[in-house]
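Student: just need the structure, nothing else, for what follows:
(one chain, ligands or ions: 1)
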Amino acid sequence: MGVGPGCILCGHQCRADRSAGETGRCGTGTTVGFSSALLHKGEEPPLSGKGEAGGSGTIFFTRCNLRCVFCQNWQISQSGQTGLEIDVERLTEIMFSLAESGACNINLVSPTPYAIEIAKALAKAKRQGLDLPIVYNTGGYDSLNCLAMMEGLVDVYLPDAKIGLAPGMDENEPDSVSMRLFGAGDYVKRNRLALKEMKRQVGDLVLDGRGLAARGLLVRHLVLPDDLARTSSLLPWLKENFGRDLHLSLMAQYHPSHKIKVGPNAEFMDMPGLGRPLSVREYEKSVDQAIDLDFHNAFIQDLEAAVQMRPDFTKPEVFN
Ligand code: SF4
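Tutor: Coordinates of the predicted model:
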């Protein structure tokens, strides 16, 4: 299904023979690329907890199957700085180490290329008594084969819905904007299938008595300047397909990074909005739309707080 003759773990379905040394479009071979593990206090409240709660036990993997041109994690996802190469045994130990430090859950960031090793590590950790909710924190370009492997192991799906369709566009058409921004021209089609499968597996988000996510689906969407992520068409689609009880995190933290220089640059001259942060007015417009659509469970970000949560993976304290 994955590592073996032909990897099809993500929407690219590039069929790289990773066990024979091929690395595929994501650059992943046979080992797990590990960057860091920490107690993350800046995720949505059901993930990080409030007040004295321990934070989300976050494991950052290196490499990624997507190529977002403004990725805030680009240092580990696309720079070629690969961190440590670890095996299933070490991954299991890291999960227990986070649990012992007081984590509210185990939060696996960009897990898709490592789904096989993650499934093995989770099965092993659960056999050995790990009983925290498992959060699958993904760009949302996972294949159905990959998600089938996760069924019964993952408690909370935390996918992105990065972009909607332009007016009049069919999801089967190649999308030049999602190709340029995320490296996947069929992102919307694959993402829709993945979100529906995640919902089928775990249902709507359910919180425990402390307000922490126990099980379910929480969809993230980063609002971009000039509606470049087509938020205005994505939100109605989400409402129509998942209903008003969908837990939706509307993120405001866009800022020009990675391949986007401050101000328009040659490659993105036709998308000048990418050269500046999201404005308060633009964000409020998306929030108002979510309210008008009657979403009952939308998480809204404080713009200033969002800016303070930019990671720097070259520092020992990633979020300081
Ligand atoms: S995870 Fe995706 S990009 Fe990476 S080798 Fe598998 S199919 Fe290719």
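Student: what mean pLDDT does stretch 58-77 have?
Tutor: Mean pLDDT, stretch 58-77: 89.
Student: in the stretch 51-200 of the chain, which segments are predicted with low confidence?
Tutor: Within the stretch 51-200 of the chain, the segments meeting pLDDT under 70 span 80-82.
Student: would you map the strands across it?
Tutor: Secondary structure of the stretch 51-200 of the chain (DSSP state E, counting those that start in this stretch): strands at 56-61, 84-86, 106-109, 134-138, 156-159.
Student: give the other helices and strands that the shortest one contacts.
Tutor: It stands for strand 84-86. With contacts defined as 3 or more Cβ pairs under 8 Å, 6 or more residues apart in numbering; DSSP states H and E, strand 84-86 has these neighbours: strand 32-40. Yep, even glycine has a C-beta here, placed from its N, CA and C like the rest.
Student: if we can go back for a sec, want to throw the strands of the stretch 51-200 of the chain into a markdown table with mean neighbour count and distance to the ligand?
Tutor: Output for those, formatted as a markdown table (neighbours: other Cβ atoms under 10 Å; distance: least, Cβ to the nearest ligand atom, whole Å):
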| stretch | mean neighbour count | distance to the ligand |
| --- | --- | --- |
| strand 56-61 | 27 | 12 |
| strand 84-86 | 15 | 16 |
| strand 106-109 | 27 | 14 |
| strand 134-138 | 26 | 11 |
| strand 156-159 | 26 | 15 |
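Student: format those strands as a markdown table; extra columns: distance to V69.
Tutor: Converted to a markdown table, the strands of the stretch 51-200 of the chain look like this (distance: least, Cβ to Cβ, whole Å):
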| stretch | distance to V69 |
| --- | --- |
| strand 56-61 | 20 |
| strand 84-86 | 26 |
| strand 106-109 | 19 |
| strand 134-138 | 18 |
| strand 156-159 | 20 |
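Student: nearest the geometric middle of the protein, what residue?
Tutor: Nearest to the mean C-alpha position of the chain, counting by Cα atoms, centre = their mean, stands T138 at 3.1 Å.
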